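# okay, structure incoming, though there's no sequence with it:
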């Protein structure tokens, strides 16, 4: 199944554009979980059990698992295997290296971890992205305009009067021959989000920056979705998974996820 087809199916089934970021920090999970054999997986499992019918995707950030060594990778693999196969899973890894290395990254992420998507840095150009694009049913989300303040250092700079983020969006359209490219566009830059959607009207967008980073929901939905109110994966991490530090953390996460899903839908065409 093509990535976009899978995304549209789960968005319709759960009536959701919400993605929950599994940025699971051993220092921030409820302390009572530390007695578990695998506290990271146990935390993720309970978050997934409480939110699986409210999301279109989960997005584990690889850094939080890599930092724990082999045990972290084992927790990540168990988490991926536990998630229902009809839900999108995107590894936020921001990979970007020369073709030989990129091929190994793609194999690890798509073959070994069985992710549906990955985030990629386009700085090294097309040959660093192509090994990922060989996986026709996966999606490579290219960093276009990120949600952090430092995006201004490069991504908003102009080359021949055209901002770099727009050049990236146009380049990704050229790379999208197998219909397996997407863009990462931050909710913290709504006017630019609008412009990028006009340029890349048929690409899926992964949109971080709502919640803790201050992105505004109405403009994110209005400018980030396509004409049918789809093709946006709107991520919230800390605002959902750390809604409580107590025994009720999973229930609180569910409440926050439902609230955010419904708020997104209140501004969404066709929801």
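Structure received. Because the structure is predicted, anything quoted here is derived from the model rather than measured.

# look up which residues are beta-bridged to residue 159.
Beta-bridge partners recorded for residue 159 (DSSP bridges): residue 162.

# distance of it from residue 152?
Taking C-beta to C-beta, to the nearest Å as the measure, residue 159 falls 15 Å from residue 152. Where C-beta positions appear, they are placed from N, C-alpha and C, glycine not excepted.

# for the stretch 1-150 of the chain, what spans make up the helices?
For the stretch 1-150 of the chain, the helices defined by DSSP state H, counting those that start in this stretch cover 3-13, 39-51, 62-66, 70-82, 99-106, 126-133.

# out of the ones you listed, which is closest to residue 191?
helix 3-13 (25.1 Å; C-beta to C-beta).

# buried stuff in that closest one?
By 16 or more other C-beta atoms under 10 Å, the buried positions in helix 3-13 come out as 3-4, 6-8, 10-11.

# okay, the angle between the longest helix seen in the chain and helix 39-51?
The residue-count maximum for a helix in the chain (DSSP state H) belongs to helix 249-266. Per axes from the mean of the first three to the mean of the last three C-alpha atoms, to 10 degrees, the angle that helix 249-266 makes with helix 39-51 is 50 degrees.

# just the buried positions in helix 249-266, please.
Across helix 249-266, burial judged by 16+ other C-beta under 10 Å covers 249-250, 252-258, 260-261, 264-265.

# residue 134: which of the residues you listed is nearest?
Residue 134 lies nearest to residue 264 out of the buried residues of helix 249-266, by C-beta to C-beta, at 32.9 Å.

# assess the claim that the closest one and residue 221 are in contact.
Yes. Residue 264 is within contact range of residue 221, at 5.6 Å (criterion: C-beta atoms under 8 Å).

# intersection of neighbour lists for the two?
The contact sets of residue 264 and residue 221 overlap at 17, 234 (C-beta atoms under 8 Å, 6 or more residues apart in numbering).

# where does pLDDT dip in this structure?
The chain contains residues with pLDDT under 70 at 211-215.

# report the separation between the closest residue to residue 36 other than its chain neighbours and residue 49.
In space, residue 36 comes closest to residue 42 once its chain neighbours are excluded; the distance is 4.3 Å by C-beta to C-beta, 6 or more residues apart in numbering. Distance, residue 42 to residue 49, by C-beta to C-beta: 11 Å.

# on that earlier part again, among the buried residues of helix 249-266, which one sits closest to residue 187?
Residue 187 has its nearest neighbour among the buried residues of helix 249-266 in residue 264, at 11.0 Å by C-beta to C-beta.

# report the contact partners of that closest one.
Contacts of residue 264 (C-beta under 8 Å, 6+ apart): 16-18, 217, 220-221, 234, 271.

# which ones among those map onto strands?
In strands, defined here by DSSP state E, the members of the contacts of residue 264 are 18, 234.

# buried ones among the contacts of residue 264?
Listed as buried from those are 16-18, 217, 220-221, 234, 271; burial here means 16+ other C-beta under 10 Å.

# quick revisit: possible to save the helices of the stretch 1-150 of the chain as CSV with distance to residue 25?
Shown next, in CSV, are the helices of the stretch 1-150 of the chain (distance: least, C-beta to C-beta, whole Å):
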stretch, distance to residue 25
helix 3-13, 27
helix 39-51, 9
helix 62-66, 6
helix 70-82, 11
helix 99-106, 23
helix 126-133, 27
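
# tell me which of the ones you listed lies nearest to residue 31.
Taking C-beta to C-beta, helix 39-51 is the member of the helices of the stretch 1-150 of the chain nearest to residue 31, at 9.5 Å.

# packing partners for that closest one?
Applying 3 or more C-beta pairs under 8 Å, 6 or more residues apart in numbering; DSSP states H and E, we find helix 39-51 packed against strand 18-22, helix 70-82, helix 238-241, helix 249-266.

# can you redo those as TSV with distance to residue 198?
Below are those laid out as TSV (distance: least, C-beta to C-beta, whole Å):
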stretch	distance to residue 198
strand 18-22	23
helix 70-82	34
helix 238-241	28
helix 249-266	21
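
# among these, which comes closest to residue 166?
Ranking these by proximity to residue 166 (C-beta to C-beta) places strand 18-22 first, at 24.4 Å.

# so which residues make contact with the closest one?
Identification of contacts with strand 18-22 by C-beta under 8 Å, 6+ apart yields 44, 47, 51, 54-61, 64, 79, 88, 90, 92, 206, 208, 233-238, 240-241, 253, 257, 260-261, 264.
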